[in-house]
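1. Below is the sequence, then the predicted model.
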Amino acid sequence: MEAEPKRPFAVVLCMAIIKAAGAIVPAARRGDWKQEWLAEVWHRWQFLYHAGAWNYVEGVRLIRNCLGAFADAGWHFAAQDAVQNRIREAIRSPWTCLTGWTCGILTVVLLSSGLPATRNLVHLSTNRSSGRLLFVWLHPSAGGGDKGLPSDVTPAWASHSHLLEGAAQFTITRENVEIRASETKRLLVVKTDAELFRVLQPVLAVGSVPSARSAVLTYGVWKTMFHADNRIVGSVLHVGPESYRISGVLDRSFEFLSRQPALYVIGPPSSAALAMVVVRARPGVSQSRLDRELTRIAQISCYYFFQSELRYAFLNDAAWVPVQTFAISVFVSALVLIAVSRLRIRRLRTALLHPNRKAVIRRAGFWIAKTSLALSFVFLAGLEWSRSESAVLFGSQDPASGPFLLWLYILGSMAVLFWSLADQRARCRVCLRLLCFPVRIGCPGCLLLDWSGTELLCTEGHGVLHVPHMAPSWDEESDRWIALDDSWKELFVNN
């Protein structure tokens, strides 16, 4: 009789994998399950061995197929009635609802790499100096939308204004930047003068900001494209057909127009281009006073008549546009919800005077918690999406100030509020679990003499909710909650 061949390492490993996965399978099915998997591995190896086709590749393939034993064992484990009941109870639990929305918020955090737009919003709100920065642009009364300002207006404002601490102009383009001799990147290029950095008052990580023709890198460009090399200061950088000497690197926290890697080019302004303007107002200066003075200076010094055509936006206000948009959306959605759900103040007063006030407060706390988490998810997702790294913030050009984000927030907040109310009504008044076991009661065609509806039951035996198929117009509370006393709990012990 021919001796049995020695088992190769792949077969031994597969048998170990099957034994490890078998620990998950219920004891009643474990023996048959192991025997089936081991027989499959054994016959596969024997067939390939005697056919002379067994090799390293087939061994790896056999191990990869055996890893599916864990999924198969998990399916057998989950198929048990006790496990399925636990899963159903976990899904109906109020903590599962809160955990799900929390995981949704964490998903937004991970996908956005740490909520950079939200952190930028918090940074602007805590930075007092940024509260006096204003964007200025032109909105002609005839012929159109927002435009830039002529290049000779900004120096006149900086020289003659008594309400400004500084004014600077800039233009935004995308140009090819030569990083190395054979490598070119297309970057966001902000062409400006040295006055911009005196207005913004940034902190530099490396180098300084001179007044001559030069280039200043953002921290992202310096780190990703120049590998944070301090020796880059003083070298020549080619931007399109022109060359500039790198004078410094902005600090990591500097964010002005966009979070994407950018390059600031300091040079003489073009007399033909229309430039965007940013100014720093003195403390306590109102927008109306500033508008009167800047309009008068433009008329006297440059002969531009900008009466009622200049537009202003504080940097902080422009950054807070999504918050204002979201607040309006939630307010409108709440009014619609109150009108549709026929919520009455008398009902709230009755709920507060309920004998079991603790249960009412607990239900209200759960509703507030799940609604707040869901609304936070909608707000953060919309903010991070509308103000992505490639977004450029400038007054009315802010992507978050458009009607699309407003409608997105309105639809999102309405969906959250209506879902939250429907979910709250479908839960037990005591344990806040989702009700189950719907049973249709009565005859829908006999509403004149009898009633019909659907009854849902709490698995803990706390009560029954009756929802009629057709509520009469005079019935303000069509859903009837019938509380059950402790004598009913014996029927729900095994559920």
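-> On my side now, so go ahead.

2. How many neighbouring residues does Asn230 have?
-> Residues near Asn230, counting by other C-beta atoms under 10 Å, number 11. The way it works is simple: take the backbone N, C-alpha and C, and place the C-beta from them, glycine included.

3. Against Pro210, how distant is it?
-> 17 Å (C-beta to C-beta, to the nearest Å).

4. ditto for Asp146
-> 32 Å.

5. What of Leu217?
-> Taken as C-beta to C-beta, the span from Leu217 to Pro210 is 14 Å.

6. What segments of the chain are strands?
-> 133-138, 164-180, 183-192, 204-207, 214-217, 236-239, 242-250, 262-266, 276-281, 310-314, 436-441, 453-457, 463-468, 480-483 (DSSP state E).

7. In terms of secondary structure, what does the fourth one contact?
-> The reference is to strand 204-207. Strand 204-207 is packed against helix 219-224, strand 242-250, with contacts defined by 3 or more C-beta pairs under 8 Å, 6 or more residues apart in numbering; DSSP states H and E.

8. Could you do the fifth one as well?
-> Secondary-structure packing of strand 214-217 (3+ C-beta pairs under 8 Å, 6+ apart): strand 242-250, strand 262-266.

9. Export those strands as JSON lines, with columns for distance to Arg88 and mean pLDDT.
-> Shown next, in JSON lines, are the helices and strands packed on strand 214-217 (distance: least, C-beta to C-beta, whole Å; pLDDT from 0 to 100):
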{"stretch": "strand 242-250", "distance to Arg88": "56", "mean pLDDT": "85"}
{"stretch": "strand 262-266", "distance to Arg88": "53", "mean pLDDT": "85"}
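
10. Highest mean neighbour count out of those?
-> strand 262-266 (a mean of 24; mean count of other C-beta atoms under 10 Å).

11. For that one, name the packing helices and strands.
-> strand 183-192, strand 214-217, helix 219-224, strand 236-239, strand 242-250.

12. any chance of these in TSV, plus distance to Arg29?
-> Shown next, in TSV, are the helices and strands packed on strand 262-266 (distance: least, C-beta to C-beta, whole Å):
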stretch	distance to Arg29
strand 183-192	60
strand 214-217	65
helix 219-224	55
strand 236-239	70
strand 242-250	65
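
13. do you know which of those lies nearest Arg174?
-> Ranking the helices and strands packed on strand 262-266 by proximity to Arg174 (C-beta to C-beta) places strand 183-192 first, at 5.8 Å.

14. That closest one: partners in the sheet, and parallel or antiparallel?
-> strand 164-180 (antiparallel), strand 262-266 (parallel) (DSSP bridges).

15. List the buried residues of it.
-> Leu187, Leu188, Val189, Val190, Lys191, Thr192 (16 or more other C-beta atoms under 10 Å).

16. need those residues in CSV with pLDDT and distance to Tyr312, can you?
-> What follows is the buried residues of strand 183-192, written out as CSV (pLDDT from 0 to 100; distance: C-beta to C-beta, whole Å):
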residue, pLDDT, distance to Tyr312
Leu187, 84, 29
Leu188, 85, 24
Val189, 86, 25
Val190, 86, 20
Lys191, 86, 22
Thr192, 85, 19
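
17. Out of the helices and strands packed on strand 204-207, which is closest to Ala313?
-> Shortest separation from Ala313 across these is recorded for strand 242-250, at 22.7 Å, computed as C-beta to C-beta.

18. mind checking which helix or strand of the chain has the lowest mean pLDDT?
-> Every helix and strand in the chain was compared by mean pLDDT, DSSP states H and E; the lowest is helix 345-352, with a mean of 59.

19. how about the helices in the stretch 1-150 of the chain?
-> Remark: helices assigned in the stretch 1-150 of the chain by DSSP state H, counting those that start in this stretch are 9-22, 27-50, 56-66, 68-78, 81-92, 94-111, 116-126.

20. And the average pLDDT for the last one is what?
-> Yep, that's helix 116-126 we're talking about. Mean per-residue pLDDT for helix 116-126: 78.

21. For it, which helices and strands make contact with it?
-> helix 315-319, helix 357-386.

22. For Gly248, give its distance to Val221.
-> In terms of C-beta to C-beta, Gly248 sits 12 Å off from Val221.

23. my bad, Gln299
-> Counting by C-beta to C-beta, the gap from Gln299 to Val221 is 40 Å.

24. Could you do Pro468 as well?
-> 66 Å.

25. which of Gln299 and Val221 has more neighbours?
-> Neighbour tally, Gln299 and Val221, criterion other C-beta under 10 Å: the higher count belongs to Val221, 24 against 13.

26. wait, the more buried one sits on Phe254?
-> No: using C-beta atoms under 8 Å, Val221 makes no contact with Phe254, being 11.6 Å away.

27. Mind listing what's buried along stretch 63-81?
-> So stretch 63-81, judged by 16+ other C-beta under 10 Å, has buried residues Ile63, Cys66, Ala69, Asp72, Ala73, His76.

28. low pLDDT regions in the stretch 101-250 of the chain?
-> In the predicted model, the stretch 101-250 of the chain carries pLDDT under 70 at residues 125-131, 143-144, 180-182, 211.

29. can you redo the helices of the stretch 1-150 of the chain as CSV with distance to Trp320?
-> CSV is the format used below for the helices of the stretch 1-150 of the chain (distance: least, C-beta to C-beta, whole Å):
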stretch, distance to Trp320
helix 9-22, 54
helix 27-50, 60
helix 56-66, 54
helix 68-78, 48
helix 81-92, 38
helix 94-111, 19
helix 116-126, 7
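
30. So which of those helices is nearest Val206?
-> Nearest of the helices of the stretch 1-150 of the chain to Val206, taken as C-beta to C-beta: helix 116-126 at 21.3 Å.

31. which residues touch the closest one?
-> For helix 116-126, contacts defined as C-beta atoms under 8 Å, 6 or more residues apart in numbering pick out 130, 253, 255, 259, 315-316, 319-320, 322-323, 380, 383-384, 386-389.

32. Narrow the residues you listed to those that are buried.
-> The neighbour count (16+ other C-beta under 10 Å) marks 130, 255, 259, 315-316, 319-320, 322, 380, 383-384, 386-387 as buried among these.

33. out of those, who's nearest Gly240?
-> Nearest to Gly240 among those is Arg259, at 23.3 Å by C-beta to C-beta.

34. give me every residue that touches that closest one.
-> Pro116, Ala117, Asn120, Gly220, Glu389, Ala391.

35. Next, give phi and psi for the nearest residue in space to the second one that is not next to it in sequence.
-> Translated: Ala117. Spatially, and ignoring its direct neighbours in sequence, Ala117 is nearest to Arg387 (4.0 Å; C-beta to C-beta, 6 or more residues apart in numbering). Dihedral pair for Arg387: phi -110, psi 60, per degrees, to the nearest 10.

36. Can you tell me how far Arg387 is from Ala339?
-> 33 Å.

37. in the sheet, who's paired with Ala314?
-> For residue 314 the amino acid is Phe, not Ala. Assigned bridge partners for Phe314, using DSSP bridges, are Leu134.

38. re the thing from before, mind putting the strands paired with strand 183-192 in JSON lines, distance to Gln424 included?
-> JSON lines is the format used below for the strands paired with strand 183-192 (distance: least, C-beta to C-beta, whole Å):
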{"stretch": "strand 164-180", "distance to Gln424": "48"}
{"stretch": "strand 262-266", "distance to Gln424": "47"}
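
39. out of these, deepest packed?
-> Counting by mean count of other C-beta under 10 Å, strand 262-266 has the highest mean neighbour count of the strands paired with strand 183-192, with a mean of 24.

40. by how many degrees do it and strand 242-250 diverge?
-> 120 degrees (axes from the mean of the first three to the mean of the last three C-alpha atoms, to 10 degrees).
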